[in-house]
Each structure stands twice: as structure tokens, then as C-alpha cells.
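Requesting a structural model of the entry that follows:
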Amino acid sequence: MPSNKNALIRYKFLDRLLSDRHHFYDRKTLWEKVNEMLDDAGFKQVTRRCIETDIIDLKDAPFRAPIVEYKKNGRECLRYERGFSIFKEELSWQERNLLSELLSTIGQFDGLDNFEWLDKFKVGLEIEERKQVISFSNNPYLLNSNLLGMLFDHISNEVVICLSYHTFSDSTIRSIDFHPYLLKQYNERWFLLGAADSDKKILTFPLDRIDEVKALPEKKYVECAEDLAERFEDIVGVTLYEDRPIEHILCWVSDTSKGFVDTKPIHGSYTPIKGEKDVQLRQEYPQLEGGMFFTLDCIPNYELIRELCSFGKDLLVLHSDGTIADDVRKRILEMNDKYSQLRT
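Below is the predicted model of the structure:
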């Protein structure tokens, strides 16, 4: 089901048209009429494919709308079976409690621009406030968190934007025409993923590096050609170096920290080593007492190095078929050098 806020408004308009027993609407006419209603209500018009998807969604759970097709004056028209409306269906107490909790969870965005519709939705459904039973990690002091609502809106409505940004190492402000696709949180920071308008290359921008966002409604929005979720399968965090191969990494973690690593793996490829292979490694590394050996298979990046170093002496990178073992060792030596300078 579509996640953008205008989906609920479109459902309401479609419900009105499909309930109408005095007029006849084919798919093209439904699309035109819904766009007229959206325009009158001050919302962005949508594509015909969007309305086709909405009709499919209305047929599916939870609405299960009995939409029938019939011929009228040579046209394939659609409407509800007599007397049906999705807004006449009463919510059970289980559905109402679940919806209330879902809204409460999403409502952790309350207070951000462009999310005021959540409160209106709660009022419209007459859902009572309930105590919060789930809470996500949130950094209220994150720079530019106010952009979340705006970017959410642009992604939902498929709007090209002009993004002004700067890097950590250079305060020069640069601009790029950008097709936004995904907002992703990592380590209590938010990142925007999308494609550059010039070459459609996928890029990632931390929100705290964005200086300004302007909508470019005159530009045609290009949908993402890949499954963005797959970009994160081989990495830790959000930084993907497409020219780097996956490395097989051998690590050891102490008894003190192995429970943390085992219950919250650094990466999905985390594999504890047991049996004969464990015996061989203990013979190869007799200076390592207890603990656990494990492997990772991922593409090295800044986030992986930081994660591996975060355990200090309790996690050692023993070997890799690439550079990550040397990168971690270099980071630790540089840290030791800095502390040594402070202590002299």
C-alpha cells in the first residue's frame, strides 16, 4: 500500500466516485476526476498508473472493496457493489488499537514540517491517544532534522529537487539537480539517497550537509531503476564504494564482548567459527585466550572501520583478503600516537 500522505486523500476521492450510482466512470475518467478533486483541494496531481495502483490497493486488505467492472456505452466502467464504502466499515477494537499504535509510532515525527497531516488523520478517525509502547532511537539535536518532512513529501510525490550542499572537508556550497528516492537512518543520523539528474548515478547525502532544498516541478521525475535495499546488503552503514570488492575478514572477540557481537552482529554476513576450524585458529593464535573467532564478508568503508575499532582491545581484525586489516591497524596506531603526544 502506498505510504505517502496523499494516498488517503485519493482513496477518499475514489471511494466517492465508485459509490456514485448516477454516473459511470471508466479508468481514464476516474483518473481525470481524482486529479480534478486533488487540484481543487490544493494537492499535486498524480499519474494514471498511480490511480490504477490505488484501485488494486482498495481491492486488497484491509479494505477488500468489492469493485465490479461492467460495460456501459461501450466502455469498461468500475464501481462498488451497491451500498459499499470503505468509510462505512467499522474498525474492530483490535484494528483500532493497532492503528492507534501505528500512528503513535509514526507520530514520533510529530512537530516536523509537512507531518501535520498525522494529527488530522487521528482526529478524522476519532482515535484516542494511547501511551507509547515502542520508541525508536532519536537525536533531537540533529542538524537539519526539519528537512525530513519536506524530503519525505518530495519523495512521496516524485518531485525532482535542486540540492545545495557542502562536505565536511570543504565549506564551498555546491548544487545538484536530484531525484530523491529514500530517507535512511544510520547511527542516529539521516541520509538522503537518490540519483543525480545529469547521469542518474546513485548518491548519498547526510542531511546535516544539506544547505537548501528547492522543488523543480517542471523537471520529469525518473524512478529508481534498482532495488536500493540491495545497496546495503554488502556494507555496514550507508557508504558504498562500488569499485571495491567484498572482503573476507577474520576477527576475534573477547569473552567480555562476544555476547554483544553475537546478539547484535556487525553485519549480516557474521559467521561464528566452531569445531575443527576453531581448533586450528587457536593453534595459530595461541596468545588469544578464550573469546570467539568469527568472519565477515562485506565491502570496507568508513563505517565498518569505525565499528570494528569501537570495541577497542576486545575485538581484533586478524586477517582479510584486502586492506581492511591494515586500515584498522593504521587507525589504532594513529590513535595511539595522538594519545602518546598528549601524555608526553
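
Alpha carbons of stretch 47-65, in PDB - could you do that?
This file holds the C-alpha atoms of stretch 47-65, laid out as PDB (Å, rounded to 0.1, in the frame of the first residue of the first chain):
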ATOM      1  CA  THR A  47      -0.300   9.800 -12.900                       C
ATOM      2  CA  ARG A  48      -2.800   7.400 -14.300                       C
ATOM      3  CA  ARG A  49      -0.600   4.500 -13.100                       C
ATOM      4  CA  CYS A  50      -0.900   5.800  -9.600                       C
ATOM      5  CA  ILE A  51      -4.700   5.600  -9.700                       C
ATOM      6  CA  GLU A  52      -4.500   2.100 -11.200                       C
ATOM      7  CA  THR A  53      -2.400   1.100  -8.200                       C
ATOM      8  CA  ASP A  54      -4.800   2.700  -5.800                       C
ATOM      9  CA  ILE A  55      -7.700   0.700  -7.300                       C
ATOM     10  CA  ILE A  56      -5.700  -2.500  -6.700                       C
ATOM     11  CA  ASP A  57      -4.900  -1.400  -3.200                       C
ATOM     12  CA  LEU A  58      -8.600  -0.800  -2.500                       C
ATOM     13  CA  LYS A  59      -9.400  -4.400  -3.600                       C
ATOM     14  CA  ASP A  60      -6.700  -5.800  -1.200                       C
ATOM     15  CA  ALA A  61      -6.600  -5.900   2.600                       C
ATOM     16  CA  PRO A  62      -7.600  -4.100   4.700                       C
ATOM     17  CA  PHE A  63     -10.300  -2.500   2.500                       C
ATOM     18  CA  ARG A  64     -11.300  -5.500   0.400                       C
ATOM     19  CA  ALA A  65     -13.500  -3.300  -1.600                       C
END
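
lowest average confidence, helix or strand, in the chain?
When each helix and strand of the chain is scored by mean pLDDT, DSSP states H and E, helix 117-124 comes last, with a mean of 56.

next structured bit after that one?
Using DSSP states H and E, the helix or strand that follows helix 117-124 towards the C-terminus is helix 147-156.

for that following helix, the distance to its chain's centre please.
Distance, stretch centre to chain centre, for helix 147-156: 12 Å (Cα atoms, centre = their mean, to the nearest Å).

Repeat that for stretch 41-49.
Taking Cα atoms, centre = their mean, one finds stretch 41-49 lying 24 Å from the centre of the chain it belongs to.

which residues make contact with it from outside it?
Stretch 41-49 is touched from outside by 6, 9-10, 27-28, 31, 34-35, 38-39, 157, 159, with contacts defined as Cβ atoms under 8 Å, 6 or more residues apart in numbering. For the C-beta atoms, the positions are set from N, CA and C on the backbone; glycine is no exception.

Tell me the most packed of these, by neighbour count.
Using other Cβ atoms under 10 Å as the neighbour test, those are led by Val34, with 25 neighbours.

on that earlier part again, what I need now is the contacts of stretch 41-49 written out in JSON lines, including distance to Lys330 for each item.
As requested, the contacts of stretch 41-49 are exported to JSON lines (distance: Cβ to Cβ, whole Å):
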{"residue": "Asn6", "distance to Lys330": "50"}
{"residue": "Ile9", "distance to Lys330": "55"}
{"residue": "Arg10", "distance to Lys330": "54"}
{"residue": "Arg27", "distance to Lys330": "61"}
{"residue": "Lys28", "distance to Lys330": "63"}
{"residue": "Trp31", "distance to Lys330": "59"}
{"residue": "Val34", "distance to Lys330": "59"}
{"residue": "Asn35", "distance to Lys330": "58"}
{"residue": "Leu38", "distance to Lys330": "56"}
{"residue": "Asp39", "distance to Lys330": "59"}
{"residue": "Asn157", "distance to Lys330": "46"}
{"residue": "Val159", "distance to Lys330": "43"}
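
can you count the residues close to Arg329?
Arg329: 12 surrounding residues under other Cβ under 10 Å.

Could you look up the SS state of His319?
Three-state call for His319 (DSSP: H, G, I helix; E, B strand; the rest coil): strand.

try Leu182
At Leu182 the chain is in strand, as set by three-state DSSP.

ok, it - how many residues close by?
Leu182: 16 surrounding residues under other Cβ under 10 Å.

And it, what's its pLDDT?
On pLDDT, Leu182 comes in at 92.

Look up the closest residue to Lys184, ignoring the ones flanking it.
Setting aside the residues directly before and after it, Lys184 is nearest to Phe191 in space (Cβ to Cβ, 6 or more residues apart in numbering), at 5.0 Å.

So in terms of bridging, what pairs with the one you found?
Beta bridges link Phe191 to Lys184, Pro206 when assigned by DSSP bridges.

Make 683 the first number, not 1, from now on.
Renumbered: residue one is now 683, and that last one reads Phe873.

do you know how far it is from Gly994?
Distance from Phe873 to Gly994, counting by Cβ to Cβ, to the nearest Å: 27 Å.

Spell out which residues make up each domain of the protein.
688-762, 829-914, 929-1025 (automatic domain parsing).

Thought Ile1006 was touching Leu932, still the case?
No: look at Leu932 against Ile1006 with Cβ atoms under 8 Å: they stay out of range, at 10.3 Å.
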